[in-house]
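**Student:** 3D model of this:
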Amino acid sequence: MTEWQAALAALVLFAAGMIKGIIGFALPLIGVPFLSIFLSPREAVIIMSIPVFLTNWANAQYDWRQWRHLREIVPFIAAGIAAVPVGVYVLRWADPELIRLLMGLAVYFYLASRRFFPPAEGLSRASRWGVGGALGALAGFMTGVASVPGPVSIVYFSMFTWPKEVFIFLMNAFNTVVSGVLLSSLAQQGAFTWPLLQWAGLLLVPIFAGLWAGIRLRDRLDQKLFYRAVRIALFWVATSLVVRSGWKFLLSR
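**Tutor:** Residues are numbered from 1 along each chain as shown. Below is the predicted model:
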């Protein structure tokens with residue numbers, strides 16, 4: 001990245017960290033697609049894997065008093081853990097433009113699907129476990145291939161009527177586990193070169209500054225207005241990725 005790109009990345013990731021602090025998710029959903037505009041998707045995933053794990057862990061610790069609810073998402077977590085290495089393997093060999101397109105489509109999926117999924121309380125226990133296992137596997141795969149389980153896991157958690165604190169804790173607990181598996185898988189591949197580790201370390205500063213500010217704003221901000229702003233930002237990032245990938249595909253024809 002050039003100096004101006006690094007400065008812009010710091011500003012965007014500060015905002016992404018703040019969003020993470022306020023609503024409990026969206027750091028990789030914003031950060032990885034944004035960095036993929038300037039870097040290869042694989043480099044973006046590797047750089048973001050460390051701050052994503054650390055912020056998930058920090059947020060889960062903040063709401064740890066909700067730990068008893070973990071038993072409600074056991075199949076989701078188990079399937080997610082199993083699917084992460086598959087996504088990492090695909091990330092290593094897939095066309096970067098295809099990965100960018102998947103990232104953009106994943107964000108579109110999140111933006112489009114929140115209204116259309118039925119509440120999970122109306123499903124039988126077997127159905128809830130089946131849906132949890134299937135969506136957990138998809139979330140784990142998206143963690144490995146793009147470090148963005150958010151679109152899938154948010155859809156799944158939105159099917160329940162949990163209080164905000166439970167929702168945020170379970171989201172971050174799941175993300176901590178699968179992002180930890182992602183870190184392990186990338187390390188086994190020797191993906192963490194010194195330049196990428198330097199970038200990851202530098203970006204921790206604006207990300208954690210934003211996270212700190214966001215946690216303190218969590219109970220003060222108007223949630224409807226903030227969610228609307230988040231959706232607009234996500235739509236812009238997703239559109240940038242889809243247009244870029246589509247344009248390069250057309251040029252290659």
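
**Student:** which SS state does the residue nearest the centre of the chain fall under?
**Tutor:** What sits nearest the mean C-alpha location of the chain, by CA atoms, centre = their mean, is Val148, with 3.3 Å. Taken by DSSP: H, G, I helix; E, B strand; the rest coil, the conformation at Val148 corresponds to coil.

**Student:** Quick check: it touching Leu27?
**Tutor:** No. Val148 lies out of contact with Leu27 (CB atoms under 8 Å); the separation is 9.7 Å. For every residue, glycine as well, the C-beta is placed using N, CA and C.

**Student:** Is Gly24 in contact with Met171, as I believe?
**Tutor:** Yes. Using CB under 8 Å, Gly24 is in contact with Met171, at 5.1 Å.

**Student:** hang on, the earlier thing: quick one: contacts for the residue nearest to the centre of the chain?
**Tutor:** 28-29, 32-33, 103, 106-107, 142 (CB atoms under 8 Å, 6 or more residues apart in numbering).

**Student:** By pLDDT, give me the weakest of those.
**Tutor:** pLDDT across the contacts of Val148 is at its lowest for Met103, which sits at 69.

**Student:** Would you map the helices across the stretch 151-253 of the chain?
**Tutor:** For the stretch 151-253 of the chain, helices defined by DSSP state H, counting those that start in this stretch occupy the ranges 164-188, 194-217, 223-252.

**Student:** For those helices, give me TSV that also has mean pLDDT.
**Tutor:** Listed next are those as TSV, based on pLDDT from 0 to 100:
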stretch	mean pLDDT
helix 164-188	89
helix 194-217	92
helix 223-252	70
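
**Student:** Now render the ones you listed as CSV, adding mean neighbour count and distance to Glu43.
**Tutor:** Shown next, in CSV, are the helices of the stretch 151-253 of the chain (neighbours: other CB atoms under 10 Å; distance: least, CB to CB, whole Å):
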stretch, mean neighbour count, distance to Glu43
helix 164-188, 21, 11
helix 194-217, 17, 6
helix 223-252, 15, 15
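
**Student:** so where is the stretch 1-150 of the chain shaky, pLDDT-wise?
**Tutor:** 1, 100, 103, 110, 113-125 (pLDDT under 70).

**Student:** how about the helices of the stretch 151-253 of the chain, which one is nearest Lys20?
**Tutor:** With CB to CB as the criterion, Lys20 lies closest to helix 194-217 of the helices of the stretch 151-253 of the chain, at 5.6 Å.

**Student:** helices or strands up against that closest one?
**Tutor:** With contacts defined as 3 or more CB pairs under 8 Å, 6 or more residues apart in numbering; DSSP states H and E, the packing partners of helix 194-217 are helix 3-23, helix 41-62.

**Student:** contacting residues around it?
**Tutor:** Against helix 194-217 from outside (CB under 8 Å, 6+ apart): 1, 6, 9-11, 13-22, 27, 31, 43, 46-51, 54-55, 58-59, 62.
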